[in-house]
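Undergrad: with the input below, show me the fold.
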Amino acid sequence: MRLVMTEPVERTAGPYRRRWWALLVLCLSLLIIVMANTALTVAAPDMTQDLGLSSADLQWVIDGYTVPYAALMLLLGAIGDKYSRRGALVLGLLVFGGGAVAGSLVDSAAGVIAARAVMGVGAALIMPATLSLLAATFPRAERAKAITLWTATAGLAIAAGPLVAGALLAHHGWSSTFLINVPIAAVAIVGAFVLVPPSKAAHHSRIDYVGGLLSVVWTGSLVYMIIEGPHFGWGVKAVTAAVAAGAGLLAFVLWELRHPRPVLDVRRFADRRFAGSNLAVALFFLAVFGAFYYLTQHLQFVLGYDALETGTRMLPLAGAVFVGSALTGHLTPRVGMKWTVSAGMVGGTAALALLTQVDAGSGYGDFVAPLVVLGLAIGLALSPCTDAIMGAFPESELGVGGAVNDTSLELGGSLGIAILGSLLATSYSDHLADATAGAGLPASALATAQDSVGAGYAVAQGIGDKARALAAQAAQAGDPQQAAQLKAQAEQLAQGAGRMADAVGSSFSDAVAHTSLIGAVVLGVGTLLVAALLPGRTKQAPATAEHTARTAATGAEQAAETRGEPADETAANADAEEAEEAEEATAEKPEQADAEKEPKRAAAGAR
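TA: Purely as a prediction, here's the structure:
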């Protein structure tokens, strides 16, 4: 057995033997990308206290990772296709690990934000590479199962991040949450060389760098606007970003429509299956990331769980993701992706609807059912969408396909945190103002408490500290009258601290319920749109099958030219593979058989 895998997967005779071990490496790479964000949500309170972060600082510590990650994926995915997908994966892991080490060593807000941005660049290399290598390594018949495991890994990371970070924070500082990525990245790098075969497009034209740079401009500006506007107000920065995003998107679309070899053929979005899958991914992660954002805060601040306890209580979500993934592997071939994806989105809507019942008296038991339903929904909906998106791209553009899927995911997640997070903050602030009306709380203290639930409890704790200080003075006072006055003031302040803490908890619980209602409405409407977009099993157009046959034949001929093989022999092999896929489709979809076979015969005759 070779120590380093050097034979490209395209040249292996039959399916690559160690492909499932290679999938493990790709899943480990995905794991650290998702954990980098979910672990930070648990470490944020310690980081805020240690570095003295403002609300704006903390927001950019979280989102400094998101902007380069979302903006660079499409261009870096295309570069990986042309030069080396495995090279892109390894380089991304090195950059990501270097950023994580830097993040653990810095001691300022600017340093942490910069380190997170470097990690975002690494993630933009890693994420599309994992999907493109998966699609290149696995035969089409096994790809859906591999993507299901890939998706389940993302669900596991959502829960594993807080759990691992909580275990570390019990004995170490927040910097340890950066370092957990380093050994995993090191193992993944070694595994990439030993287990993952090198892969690149057999035939790839010159990269459309202008289109790639325009995608960086409009995507980066859009994500920046999503972050800046809702959290910090629609000032000059947010408006400028909005204008840049709109102008950049328009320029990108016009350029790609005119370019003979675009970095992304935007005409693909006219295909209902492709457009519906991307919309489903974006909407679903809007709900998932938004809900995760406020659920972890509720568990930590309102219910009082520490970091490790919070992570442990998110485990039902991870377990349900695996169950949902198993179900989608069973259901999708039988009922079609439209119904599986729609069922998953209905489940996500139901999970958010259950969270509308949260109130001041809610305990952890009230969150178990929403977490389980949300996990099942993730498992059901996402892998069929990812499989459909990747299936829309030829072999030469698998990295771009992975980047499109991941950009939809990241844009949805950014929108979820920004929109639902902004609604949460506004609702909490309004409820707290109503709950403390007439309490005589100074305006400055109220403004501080309205900033966040953590700040609200800090104000309540400050009032309690003053009460304890006055009680101590009363105990030491020599004058009985003075002691009685101090004791009365201490009791009054203590009661005020208790009322303030209760007001903060109830206001945040009410805000969670209100925000969940908005999220459920958004995801519910989105479910109807996705269901309308996704075609049923009987509605595949003959032209689609013809296009698939032609794409496969062209790719086979180009690969043959690269390897020096006879083109007609390779084309015949492509015909055989197409016929085999047609037989599989016929077994699952009898009603499509006649519609698919005729175009393939026509395409074969044309060749």
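Undergrad: C-alpha only now, for contacts and for neighbours.
TA: OK.
Undergrad: next, count neighbours for the closest residue to Ser396 other than its chain neighbours.
TA: Nearest non-adjacent residue to Ser396, counting by C-alpha to C-alpha, 6 or more residues apart in numbering: Ala201, 4.3 Å away. The number of residues packed near Ala201 is 24, by other C-alpha atoms under 10 Å.
Undergrad: ok now do Ala201, which residues does it touch?
TA: Asp81, Lys82, Tyr83, Glu395, Ser396, Glu397 (C-alpha atoms under 8 Å, 6 or more residues apart in numbering).
Undergrad: and these as TSV, adding pLDDT and secondary structure?
TA: Shown next, in TSV, are the contacts of Ala201 (pLDDT from 0 to 100; DSSP: H, G, I helix; E, B strand; the rest coil):
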residue	pLDDT	secondary structure
Asp81	90	helix
Lys82	90	helix
Tyr83	90	coil
Glu395	84	helix
Ser396	84	helix
Glu397	89	helix
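Undergrad: narrow these to those that are buried.
TA: Buried members of the contacts of Ala201, counted by 16 or more other C-alpha atoms under 10 Å: Asp81, Lys82, Glu395, Ser396, Glu397.
Undergrad: excluding chain neighbours, what is closest to the last one?
TA: To tie it back to what came earlier, the one meant is Glu397. Asp81 (6.2 Å).
Undergrad: surely the one you found meets His203?
TA: No - here Asp81 does not reach His203: they are 9.6 Å apart, not a contact under C-alpha atoms under 8 Å.
Undergrad: common neighbours of the two, please.
TA: Ser396.
Undergrad: helices along the stretch 51-200 of the chain, start to end?
TA: Counting by DSSP state H, counting those that start in this stretch, the stretch 51-200 of the chain has helices at residues 55-63, 66-82, 85-105, 109-137, 140-169, 176-179, 181-195.
Undergrad: any chance of the ones you listed in a markdown table, plus distance to Tyr16?
TA: Shown next, in a markdown table, are the helices of the stretch 51-200 of the chain (distance: least, C-alpha to C-alpha, whole Å):
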| stretch | distance to Tyr16 |
| --- | --- |
| helix 55-63 | 38 |
| helix 66-82 | 19 |
| helix 85-105 | 15 |
| helix 109-137 | 7 |
| helix 140-169 | 12 |
| helix 176-179 | 33 |
| helix 181-195 | 10 |
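Undergrad: of those helices, which is nearest Leu26?
TA: Nearest of the helices of the stretch 51-200 of the chain to Leu26, taken as C-alpha to C-alpha: helix 109-137 at 5.3 Å.
Undergrad: mind checking the longest helix of this structure?
TA: Longest helix of the chain, by residue count under DSSP state H: helix 480-533.
Undergrad: before we move on, back to that, so what's the residue nearest to Glu397 up against?
TA: Asp81 sits next to Lys200, Ala201, His204, Ser396, Glu397, Leu398, Gly399, Val400 when contact means C-alpha under 8 Å, 6+ apart.
Undergrad: mind redoing it with 6 Å?
TA: Asp81 makes contact with Lys200, Ala201, Gly399, according to C-alpha atoms under 6 Å, 6 or more residues apart in numbering.
Undergrad: contacting residues for the first one?
TA: Spelled out, it's Lys200. Here Lys200 is in contact with Asp81, Lys82, Ser84, Arg85 (C-alpha under 6 Å, 6+ apart).
Undergrad: got the phi and psi for it?
TA: Main-chain torsions, Lys200, degrees, to the nearest 10: phi -150, psi 170.
Undergrad: returning to that earlier point: and which of the buried ones among the contacts of Ala201 is nearest Val187?
TA: Val187 has its nearest neighbour among the buried ones among the contacts of Ala201 in Asp81, at 23.5 Å by C-alpha to C-alpha.
Undergrad: okay, now the unreliable bits of the stretch 151-300 of the chain?
TA: Across the stretch 151-300 of the chain, residues meeting the criterion (pLDDT under 70) sit at 204.
Undergrad: hmm, back to that, most widely separated two among the buried ones among the contacts of Ala201?
TA: Pairwise distances across the buried ones among the contacts of Ala201 (C-alpha to C-alpha) peak at 11.0 Å, for the pair Lys82 and Glu395.
Undergrad: of the helices of the stretch 51-200 of the chain, which is nearest Thr386?
TA: Closest approach to Thr386 among those is made by helix 140-169 (7.2 Å; C-alpha to C-alpha).
Undergrad: could you measure from the nearest residue to Ala483 once chain neighbours are set aside over to Ala494?
TA: Spatially, and ignoring its direct neighbours in sequence, Ala483 is nearest to Ala474 (4.3 Å; C-alpha to C-alpha, 6+ apart). Separation of Ala474 from Ala494 (C-alpha to C-alpha, to the nearest Å): 14 Å.
Undergrad: over to Gly220?
TA: Taken as C-alpha to C-alpha, the spacing of Gly220 relative to Ala494 amounts to 48 Å.
Undergrad: again with Ile126
TA: From Ile126 to Ala494 the distance is 52 Å (C-alpha to C-alpha).
Undergrad: tell me which of the two has more neighbours.
TA: Neighbour totals were compared for Ile126 and Ala494, and Ile126 leads with 33 against 21 (other C-alpha under 10 Å).
Undergrad: the more buried one contacts Val90, doesn't it?
TA: No - with contact defined as C-alpha atoms under 6 Å, Ile126 does not reach Val90; the gap is 7.7 Å.
Undergrad: checking Phe393 next. Helix, strand or coil?
TA: coil (DSSP: H, G, I helix; E, B strand; the rest coil).
Undergrad: torsion angles phi and psi at it?
TA: Dihedral angles (degrees, to the nearest 10) for Phe393: phi -110, psi 140.
Undergrad: what's the helix or strand for the closest residue to it other than its chain neighbours?
TA: Spatial nearest neighbour of Phe393, chain neighbours left out: Gly401 (6.0 Å); criterion: C-alpha to C-alpha, 6+ apart. Using DSSP states H and E, Gly401 sits within helix 398-415.
Undergrad: low-confidence ranges, this protein, go.
TA: 1-2, 55, 204, 538-607.
Undergrad: quick one on the thing from earlier: I'd like the contacts of Asp81 laid out as a markdown table, including distance to Asp434.
TA: A markdown table is the format used below for the contacts of Asp81 (distance: C-alpha to C-alpha, whole Å):
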| residue | distance to Asp434 |
| --- | --- |
| Lys200 | 60 |
| Ala201 | 61 |
| Gly399 | 52 |
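Undergrad: count of residues packed around Ala475?
TA: Ala475 has 14 nearby residues by other C-alpha under 10 Å.
Undergrad: how close does it sit to Ala484?
TA: In this view, Ala475 and Ala484 are 9 Å apart by C-alpha to C-alpha.
Undergrad: if I look at the most far-flung residue of the chain relative to its centre, how far off is Ala467?
TA: Here the chain reaches farthest from its C-alpha mean at Asp479, the gap being 63.3 Å by C-alpha atoms, centre = their mean. For Asp479, the distance to Ala467 equals 19 Å [C-alpha to C-alpha].
Undergrad: and stretch 31-48, how far out from the chain middle?
TA: Offset of stretch 31-48 from its chain centre (C-alpha atoms, centre = their mean, to the nearest Å): 13 Å.
Undergrad: what sits up against that stretch?
TA: Ala157, Ile158, Gly161, Pro162, Ala165, Trp174, Asn181, Ala307.
Undergrad: can you mark which positions in that stretch are buried?
TA: By neighbour count on 16+ other C-alpha under 10 Å, the buried set for stretch 31-48 is 31-45, 47-48.
Undergrad: related to what we said a few turns ago, distance of the residue nearest to Ser396 relative to Val90?
TA: Look at Ala201 and Val90: by C-alpha to C-alpha, they are 17 Å apart.
Undergrad: next secondary structure after the strand or helix carrying Gln450?
TA: For Gln450, the host element (DSSP H and E) is helix 443-451. Using DSSP H and E, the helix or strand that follows helix 443-451 in sequence is helix 453-476.
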